[in-house]
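Asker: Dropping a prediction and its sequence here:
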Amino acid sequence: PCAIAALVALSFSGAIGLTFLMLGCALEYYGVYWPLFVLIFYFICPIPHFIAKRVGDDSDAASSACRELAYFFTTGIVVSAFGFPIILARVEAIKWGACGLVLAGNAVIFLTILGFFLVFGRGDDFSWEQW
């Protein structure tokens, strides 16, 4: 029951984040769909974690070089996702209001991804690995 509530809350927050992203693109005042390229960052964000989890099976170690490298790459992906709409707004490809909506969507989506890994990333009996 608690895990189902967490899954519903994460789904709801993901929908809110994507709504911000779509509003930044689809509102008639903005009308440019360049910010949708941020979706690529959403999809590649968890990949370093998956690779590090698969390669480094030493779960008893407090820190490993593989896990630290995965954190580094994930941080680079997240920072790039926040920088991309700012660059688009600076070169006037999108308006600053659309940039704000995309940045708000980024914050919500990345917090949702973090919440997913905090709730379902543990090795207990209810984890995402069995899905």
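Answerer: Received the coordinates, thanks. Everything numeric here is computed off the predicted structure, so don't read it as measured data. Residues are numbered from 1 along each chain as shown.
Asker: tell me the phi and psi of Glu92?
Answerer: Its backbone dihedrals place Glu92 at phi 60, psi 30, with angles given as degrees, to the nearest 10.
Asker: measure it to Val32 for me?
Answerer: As for Glu92, its distance to Val32 is 10 Å (criterion: CB to CB, to the nearest Å). In short, each C-beta sits where N, CA and C put it, glycine included.
Asker: who's more crowded, the two?
Answerer: Set Glu92 next to Val32 and count neighbours by other CB atoms under 10 Å: Val32 wins out with 14 against 8.
Asker: right, and that one touches Ala93 too?
Answerer: Yes - in this structure Val32 lies within contact range of Ala93 using CB atoms under 8 Å: 6.8 Å.
Asker: what's the burial count for Leu88?
Answerer: 20.
Asker: Check which helices and strands the lowest-mean-pLDDT helix or strand in the chain sits against.
Answerer: Every helix and strand of the chain was ranked by mean pLDDT, DSSP states H and E. The lowest is helix 47-55, at a mean of 87. Where contact means 3 or more CB pairs under 8 Å, 6 or more residues apart in numbering; DSSP states H and E, helix 47-55 is packed against helix 65-90.
Asker: what does the average pLDDT come to for the helix it packs on?
Answerer: Confidence over helix 65-90 (mean pLDDT, whole number) is 94.
Asker: next one: stretch 11-21
Answerer: Model confidence over stretch 11-21 averages 94 on the pLDDT scale.
Asker: What lies in contact with that stretch?
Answerer: With CB atoms under 8 Å, 6 or more residues apart in numbering as the test, stretch 11-21 has contacts from 35-36, 38-39, 101-102, 104-109, 111-112, 115.
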